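# with the sequence up front, the predicted model follows.
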Amino acid sequence: MPEIRVTPLGAGQDVGRSCILVSIAGKNVMLDCGMHMGFSDDRRFPDFSYITRSGRLTDFLDCVIISHFHLDHCGALPYFSEMVGYDGPIYMTQPTQAICPILLEDYRKIAVDKKGEANFFTSQMIKDCMKKVVAVHLHQTVQVDDELEIKAYYAGHVLGAAMFQIKVGSESVVYTGDYNMTPDRHLGAAWIDKCRPNLLITESTYATTIRDSKRCRERDFLKKVHETVERGGKVLIPVFALGRAQELCILLETFWERMDLKAPIYFSTGLTEKANHYYKLFIPWTNQKIRKTFVQRNMFEFKHIKAFDRAFADSPGPMVVFATPGMLHAGQSLQIFRKWAGNEKNMVIMPGYCVQGTVGHKILSGQRKLEMEGRQVLEVKMQVEYMSFSAHADAKGIMQLVGQAEPENVLLVHGEAKKMEFLKQKIEQEFRVSCYMPANGETVTLPTSPSIPVGISLGLLKREMAQGLLPDAKKPRLLHGTLIMKDSNFRLVSSEQALKELGLAEHQLRFTCRVHLHDTRKEQETAVRVYSHLKSVLKDHCVQHLPDGSVTVESILIQAAAHSEDPGTKVLLVSWTYQDEELGSYLTSLLKKGLPQAS
Amino acid sequence: MDPECSRLLPALCAVLADPRQPVADDTCLEKLLDWFTAVTEAGSSLLLLQENPCLVELLFHVLKSQDLSSRILSFSLRLAGIFAAQENCFQYLQQGELLPMLFGEVGPLGGAAWTAPAVRSGWIQGLRTLAQHPSALHFLAACGAVDTIFSLQGDPSLFVASAAGQLLVHILDLAMRGPAEGRRSLQACDWPACAQKIVGHIEDSLCSTAIPQVTQALSVLTTAFGHCHGLWTQGLWVRLSPLVARLLEKDPVPASHSLVDLLLSVARSAPSSDRGLWETLAQTLSHLSPTQAGPLALGILKLQDCPQVLRTQAFGILLQPLACVLEAAAQAPGPPGLLEGAAGDSMTVDTLLSSKSACVGLLCCALAHLGLLQPLPQRPSPWPQAPLLGAAVTILRLCSGSAAPTSDVGGRLCAILVGCGRVQRAALDFLGALSQGTGPQELVTQVFSVLLEYLVSPESSSMVLKKAFQATLRWLLSSPKTPGCCDLDPHTQLFLTELLPVLQKRLCSPCWEVRDSGLEFLTQMTRHWGGQAGFRQALLASEVPELTKQLLRDPESYVRASAVTATGQLSSWGLCASPECPGAQQESLLVELLHILSTDSEGFPRRAVMQVFTEWLRDGHADVAEDAERFVAGVLQAASRDLDWEVRAQGLELALVFLEQLLGQRGSHCPYAEALPETAPPGVLAQALQVLCRVQLFEFAFRALFDCDRPVAQKSCDLLLFLRAKAAPCGGPQEAGDSPNVASVEATLQRWQAGEQGQPLGYLEPGAVVALLRSVDLEGLRDTLAESSDHVEKSPQSLLQDMLAAVGVLGENEADCY
């Protein structure tokens, strides 16, 4: 039975690390290979032993597809390809390929910086892993092998984010990765055509939320930054090198320009320069407004935003600083935070999620006295703000995408169980399709009925055409022939041709059946009665009474014989070829009803 | 337990027991369990529960609560398991009937919560932790847990099913170990009831017609033979081997993959005299399809003691696909193939021709298995190096379309393999592995020719090219030297003249991966052959050095970094310059690299420059040695401003090399050398300190000492400690300890430590440096730095505080992610 099997190793009823295994028509694909930033041991990576037990990884997996550059979608990739030993192709879009190594390096630095993480992937491993990547363009169909093909669609979530359609023959699965159905300042909205996949695997981060307009959040953000700067305070915005940093930079740059503000805005790290460089390179991936503006001037050539030097942190007066890392757990952002935390005029704005254990997590949960190294206690007097700018589709957006793609089934990942449950019901009600939400390690199996192309011989077609009926796509017709399966090809030919091609001799196969009739007359008279009856019923057929006493209707032969034990009963022997199977069955059932009384 | 944690615990338990309070972060509960595991491993669980009654209360509360989340329920089951692992604590919990309520029929097992895989997983993990003592065994039997575990083996969750299998093995091992183990006979009839029950279940499963059940039984046995080493495992095999052998009578053999795993697991643990086992292995090899038999054959060949007949059979299985290819591609009856008399086994040929995926799969497996076997000491002997080389070359030619087989099978193979990247990659890897052995010159020539064909071919993908470069490098480096001559042999020399134009072309590839692989290849080749006249001549006659230099300005940072490393290597061997005016070229390279260090917007090239410079300084590169002081000063100045911590860390590495050159090695021969380096003689020292001050090494090192990136600070601390031991041994005279210069520098350092690094240190006198080295608490700093940068945040106290603080402030952040 052909089927599609999906097993999440990560992102099954959680938002930790995405890693989903899909088997489709005998091909195995891994969708995303993320890591969990909340763990610093093996648990941060998906448990790949469930794949390695099926044999060598490269033999088992046909390809790995990465939807976008966020670490919860690609963070385990160098580990998987260079340490666990996957040596096959990895597919992602070009911006993702360019940006992935930056974030992986960033992450490596944090991991190496921490104690006991010597057994970690190196820079060389990241590069070697990136060399295995095959970059794909949007809407380009990429042939992984003779049977498996993939196609990328715009997902909007971050630069280069893509949804992927995976197709083998007539079976297909779409994986959305993370996506956003509403355009924002630098990215457009996700889009997919009506591809009617057998299965749509969609993220469901905001499964139950209808998010307010991002404009409100942006206004709020600008207001808070402005107020702080106006009263002479400093604003720290911890960010990861890529993504949100750029979004917020455009926001501030425009605002500064409009309000003619003079307070300096700084980027604290060299990584951001590289990030901007890439954003410039991939202008075609950003939204229409930026693309249009780009003709006049490059929106990423910031006038007000300058590179940060460590010495600036001590300068008096207001300023805004973007610093990495984004969760305030090490490096420059933490150093600046320590310096500015004691002043109530200052503000730290956390524009994203922070895992437990980080200073970011602590201050967001309201802790104001933080123990630092050496038993020092840092009192946080500065204002702490949280602003979510994460760009995921909300419940409405998810429904919209399901409507766009028209899948036969939906499978939810990358969300919380309770919320998924709600969305699942909604999808099932509204679209009348089955919706699944497997936990990590659970396999969902969907039977499929693949359509297999069959070539028909010209001879057979001509013969059918000769019968006078023109082919009509809306009216299916029955066609008899012999199906030959050879060299992975299917052909329908006439039985004569098949015999000839295969060098086989023809055998006649006849079906026989005995029908008992109550009739006291002699066998010959019974045969005559049968003949008369059939002649009257089967007007369109050729019914004959042969000299030996038997009756024929086309290829069907009927002979009457006496019953060995009961002289009042006659036995009719009915036999027919397989070509007259229908008529044979009909005749048998007719005779079983008995003959009409002689008038 | 830390008193502060003890104080926070009741509040935390209350939060956990409250269904209205969602847990802040999905990692918190895991970390909490880690902490409880550590606490109970270090001390008495019973005491822990008695001192913190809130823990038992939490477990009771969980049982009563109806609407608790599955995560908390799962957590509680695992927590109870951790406590009950100690027998006295187990008894304590039993007194309250807590364990049957948690793990028995009345607990979550019978409720709606059981539908959540997290709860089933928690139940298994709890029992797995708990099952450490005889009382636990009685408990498992009494509460009927074993039957539930049997059913969980078929759980829809892979994780739960796998954990169930492992738990069964653990219970079996626990039951069979114990004081009576030595006296227990190999006859299973006098085994403990619990063990008998499990073994009986395995027997039933092995006889089942349902393949999943057979697979479960086989994987349980695999785990048992892999992890348990008691005598009882022998008895188990005696009892079960007939049932396992019976599986081989079925066609097709059910759960073949699991069967292979089991047989290998048994073979690794069984004594080598077990004839029955060897027979089963031989039988299995002959019953399985070529694809299924490959892993078993490899496993057999890796075994230490194994009958020669079986090894020959196994090796035959691995060679079979290659033998078929060789035979199919042979133009005419040639020398004996891989398998005399048996070449072209019909089943293997059928598999190879049945479909493209089967053919590719079988060939890739065979190539990978043979590649893994090649370097092992226990690989079969004699090793058919020549036919294997021939097979690898043939496969590569079939894939590239350059082979023209005349046979029907050969033609069909060619149609299947042509352009197949997967087989190309596998064959190139294998060919590279074969470079460890020798071969007849004619074949080696063919190897180089096919490698060149791949390097030239426009059809080769970037990954195939990378592997072709790697294989070429391995073959080049293993090529024999002409006896009595230190130069390259004529064949290699000839090959080089053909290879370099190809490399040249590849360095101009539009694909960055290819340019990068070419540069990496060049670097390696130069590293090994930089001194060989033939190589030097060929290289200098080509445009490769010039192109490499041009790639210093490549748009892709990875390529720029590789170009930096390659030019650095070429320059070390004097291969960058044209012979007419060496000085000018070298000078410009140094300047160019310094320019990259100070201006390149990306980290990789800058890091590469630092590595090249460090190597140059260490090896006494002519241009560096000319004015090492100016060189070091320039490099440190650029590195100190760098935003990339690895560049700064590499700067310290360079500083250390410089220090060692001035003051003497750290003495790697002695393990205590770092702690007790020899003091430098006073005259040398004074001079050296002057130099160090002039190159501003101290400013660089002290700034790095307070770097926000811990590895940089750590490295600097080590460097300064080394310097102090060399320059200012304890008890020495306080040269300039009270001078005003020192006081102001100390004040600056304090500000730096506080994070204000704007102010420069200014020029330092050697005396002041020595005084500073004494006054700064370097040991204290080293200890602080040795701790992880997040060690405070990682502490259990921090975890508890975070979990408590998160109560009520969730909301918008809750569903957020990246």
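That came through, no problem.

# alpha carbons only for contacts and neighbour counts from here, please
OK.

# shaky segments in the stretch 151-300 of chain A?
Along the stretch 151-300 of chain A, segments meeting pLDDT under 70 span A:269-277, A:281, A:293-300.

# near chain A, which residues of the stretch 451-600 of chain B show up?
When proximity is defined as C-alpha under 8 Å from any C-alpha of the partner chain, the stretch 451-600 of chain B approaches chain A at B:462-463, B:513, B:558.

# let's go with 10 Å and repeat that
B:461-464, B:466, B:512-514, B:516-517, B:556, B:558 (C-alpha under 10 Å from any C-alpha of the partner chain).

# how about A:I558, secondary structure?
strand (DSSP: H, G, I helix; E, B strand; the rest coil).

# identify the bridge partners of it.
A:V551, A:V574 (DSSP bridges).

# for stretch A:351-368, buried residues please.
The neighbour-count check on stretch A:351-368 (16 or more other C-alpha atoms under 10 Å in any protein chain shown) flags A:351-365, A:367-368 as buried.

# right, is stretch A:30-44 up against chain B?
Yes: shown here: stretch A:30-44 in contact with chain B (C-alpha under 10 Å from any C-alpha) through A:36-40, A:43-44.

# out of the residues you listed, grab the one that's most surrounded.
Using other C-alpha atoms under 10 Å in any protein chain shown as the neighbour criterion, A:H36 leads these with 24 neighbours.

# centroid-nearest residue for the chain?
The chain I'm using is chain A. A:Y175 (1.7 Å; C-alpha atoms, centre = their mean).

# what's the first helix or strand after the helix or strand of chain B with the lowest mean pLDDT?
Counting by mean pLDDT, DSSP states H and E, the weakest-scoring helix or strand in chain B turns out to be helix B:740-753, with a mean of 68. Moving toward the C-terminus from helix B:740-753, the next helix or strand (DSSP states H and E) is helix B:766-775.

# what packs against that following helix?
helix B:682-694, helix B:697-705, helix B:710-727, helix B:740-753 (3 or more C-alpha pairs under 10 Å, 6 or more residues apart in numbering or on different chains; DSSP states H and E).

# ok, back up a step: show me what the residue nearest to the centre of chain A is bridged to.
A:F164, A:I201.

# in helices, which of the buried residues of stretch A:351-368 fall?
A:359-364 (DSSP state H).

# just checking: which of those also lie near chain B?
A:359, A:361-364.

# what residues are up against the residue nearest to the spatial centre of chain B?
Centroid check for chain B by C-alpha atoms, centre = their mean gives B:L372 as the closest residue, at 17.1 Å. Neighbouring residues of B:L372 by C-alpha atoms under 10 Å, 6 or more residues apart in numbering or on different chains: B:298, B:302, B:366, B:379, B:430, B:433.

# out of those, the closest to chain A would be?
B:A366 (11.1 Å; C-alpha to the nearest C-alpha).

# just so I know, which of the helices and strands packed on helix B:766-775 lies nearest chain A?
Closest among these, once you apply C-alpha to the nearest C-alpha, is helix B:710-727, at 6.1 Å.

# and the closest one, average pLDDT?
Averaging pLDDT along helix B:710-727 gives 88.

# could you do stretch A:455-472 as well?
The model assigns stretch A:455-472 a mean pLDDT of 80.

# before we move on, the earlier item: which one of the helices and strands packed on helix B:766-775 lies closest to B:L477?
Closest approach to B:L477 among those (C-alpha to C-alpha): helix B:710-727, 35.7 Å.

# what inclination does that closest one have with respect to helix B:766-775?
Counting by axes from the mean of the first three to the mean of the last three C-alpha atoms, to 10 degrees, helix B:710-727 lies at 120 degrees to helix B:766-775.

# just the pLDDT for residue 110.
Looking at chain A here, since you left the chain open. 76.

# think we crossed wires, I meant chain B
At B:G110, pLDDT is 80.

# all the strands of chain B, residue numbers only.
In chain B, no strands are found when defined by DSSP state E.

# may I have the longest helix along it as CSV, with CA atoms only?
The single longest helix within chain B, with elements called by DSSP H, is helix B:308-329. C-alpha atoms of helix B:308-329 as CSV (Å, rounded to 0.1, in the frame of the first residue of the first chain):
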residue,chain,number,x,y,z
GLN,B,308,38.1,-18.2,8.1
VAL,B,309,35.4,-19.8,6.0
LEU,B,310,32.8,-17.4,7.3
ARG,B,311,35.2,-14.4,6.7
THR,B,312,35.7,-15.6,3.1
GLN,B,313,32.0,-15.9,2.6
ALA,B,314,31.4,-12.4,4.1
PHE,B,315,34.1,-10.8,2.0
GLY,B,316,32.6,-12.4,-1.0
ILE,B,317,29.3,-10.7,-0.3
LEU,B,318,31.0,-7.3,-0.1
LEU,B,319,33.0,-7.9,-3.3
GLN,B,320,30.2,-9.3,-5.3
PRO,B,321,28.7,-6.1,-6.6
LEU,B,322,32.1,-4.8,-7.7
ALA,B,323,32.9,-8.2,-9.2
CYS,B,324,29.7,-7.9,-11.3
VAL,B,325,30.6,-4.4,-12.5
LEU,B,326,34.1,-5.6,-13.4
GLU,B,327,32.8,-8.5,-15.3
ALA,B,328,30.1,-6.5,-17.0
ALA,B,329,32.5,-3.9,-18.1
